[in-house]
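J.: pasting the structure only:
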C-alpha cells in the first residue's frame, strides 16, 4: 500500500525570515491525520533568508537530523559544538536528557534551504550527543546511500532508533528499483525535482507512506533528490 502526501496539503509557516512547509503536525499546526509516520515525527522543509535563523532553544528526547539542500547552515549547541552544514553533509543531534542549540543561515548574502527531521528515539533519557558527516555526491548518484542508522554502519550517523535513512540523487532518465524488507515500512520524501513512484507522479515536497510493498520503482525525467526512511 502506498499513501501519497500531497505537498500542497502541508501546513505553511511564513514569517519575515522563514518560509517553512510541514509534512507532519508541528508547533501550532495540528492535524490528527498527519502526526508522523511510525518513528518519523517531523519533516520541515525550511528556507531561511541571509543572516536569519532560529535563536537558542531547547529540545529533549528527540533525534534531530539536518540535511542541507543549498546554502550553508550554522549550528551551535550547549554541548560545545559549533559547525557549518553544507550540501552533502548530514547532521544528527540527540537531544536526550536536554540540549539547547541555535541554527542560523551562515551567509549574509544567500538563502539556505534545508530539511529538519525529527525521529522519536527508542528510549528516553539518552545522553545528548552530536555527529556530522559528509556523504560525497558520487555515493548517492543513481542509488540509495545509507546516511544514518542505529549502528552508524559504514560511517553513517548513529540514530537511536530502528531506522535506516537513505539519500539518492537521480539524474534525468535514471531509474531505481529498491527492495524493501518484509515486515518493514518506508517513507519517501522528494527533496528536489520529481519522480514517479510505482507509476504515480511525485513532485518536490511530496511524501509517500509505503507498507507491504516488496519493492518500489522510482524513475525521473528531469532529475531528483530523494530521502528514504526504512522503519520497523
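T.: It's in. These numbers come from a predicted model, not from an experiment.

J.: neighbours of residue 5, how many?
T.: The tally of other residues near residue 5 (other C-beta atoms under 10 Å) stands at 20. For glycine as for every other residue, the C-beta is placed from the backbone atoms N, C-alpha and C.

J.: what of the one 10 residues further on?
T.: Residue 15 sits with 8 neighbouring residues when counted by other C-beta under 10 Å.

J.: per-residue pLDDT, it?
T.: Looking at residue 15, its pLDDT is 97.

J.: which residues are contacting the lowest-mean-pLDDT helix or strand in the chain?
T.: When each helix and strand of the chain is scored by mean pLDDT, DSSP states H and E, helix 137-140 comes last, with a mean of 92. Here helix 137-140 makes contact (C-beta atoms under 8 Å, 6 or more residues apart in numbering) with 88, 145, 167-169.

J.: show me the contacts for residue 1.
T.: Residue 1 neighbours (C-beta under 8 Å, 6+ apart): 210-213.

J.: in PyMOL, how would I select the buried members of the residues you listed?
T.: To isolate the buried members of those in PyMOL, using 16 or more other C-beta atoms under 10 Å:
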select buried, resi 210+211+213
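
J.: return the set of residues that bridge with the closest residue to residue 38 other than its chain neighbours.
T.: The shortest distance from residue 38 to any residue other than its chain neighbours is 4.3 Å, reached at residue 231 (C-beta to C-beta, 6 or more residues apart in numbering). Listed by DSSP bridges, the beta-bridge partners for residue 231 are residue 163, residue 185.

J.: which element is the residue nearest the centre of the chain on?
T.: For the chain, the residue lying nearest the average C-alpha position, counting by C-alpha atoms, centre = their mean, turns out to be residue 117 (4.5 Å). According to DSSP states H and E, residue 117 maps onto strand 112-119.

J.: next secondary structure after that strand?
T.: Next along from strand 112-119, by DSSP H and E: strand 129-134.

J.: tell me how far that next one is from the chain's mean position?
T.: Centre-to-centre, strand 129-134 and its host chain are 14 Å apart (C-alpha atoms, centre = their mean, to the nearest Å).

J.: go on, stretch 48-57?
T.: 19 Å.

J.: now it: average pLDDT?
T.: 96.

J.: helix/strand/coil for residue 57?
T.: Here residue 57 is recorded as strand under DSSP: H, G, I helix; E, B strand; the rest coil.

J.: what's the helix or strand for the residue nearest to it when sequence neighbours are not counted?
T.: Counting by C-beta to C-beta, 6+ apart, residue 100 is the residue found nearest to residue 57 once chain neighbours are left out, at 6.5 Å. For residue 100, the host element (DSSP H and E) is strand 99-105.

J.: how close does residue 112 get to residue 168?
T.: 22 Å (C-beta to C-beta, to the nearest Å).

J.: one step back: OK, contacts around the residue nearest to residue 57?
T.: So residue 100 contacts 56-59, 77-78 (C-beta under 8 Å, 6+ apart).

J.: that one pairs with what?
T.: residue 58.

J.: so how far is residue 20 from it?
T.: Residue 100 is 20 Å from residue 20, where distance means C-beta to C-beta.

J.: try residue 231
T.: Residue 231 is 24 Å from residue 20, where distance means C-beta to C-beta.

J.: ok, the closest residue to residue 13 other than its chain neighbours - contacts?
T.: Once flanking residues are discounted, residue 13 sits nearest to residue 20: 4.4 Å by C-beta to C-beta, 6+ apart. By C-beta under 8 Å, 6+ apart, the residues touching residue 20 are 12-14, 44-47.

J.: what about 7 Å?
T.: Contact partners of residue 20, counting by C-beta atoms under 7 Å, 6 or more residues apart in numbering, are 13, 44-46.
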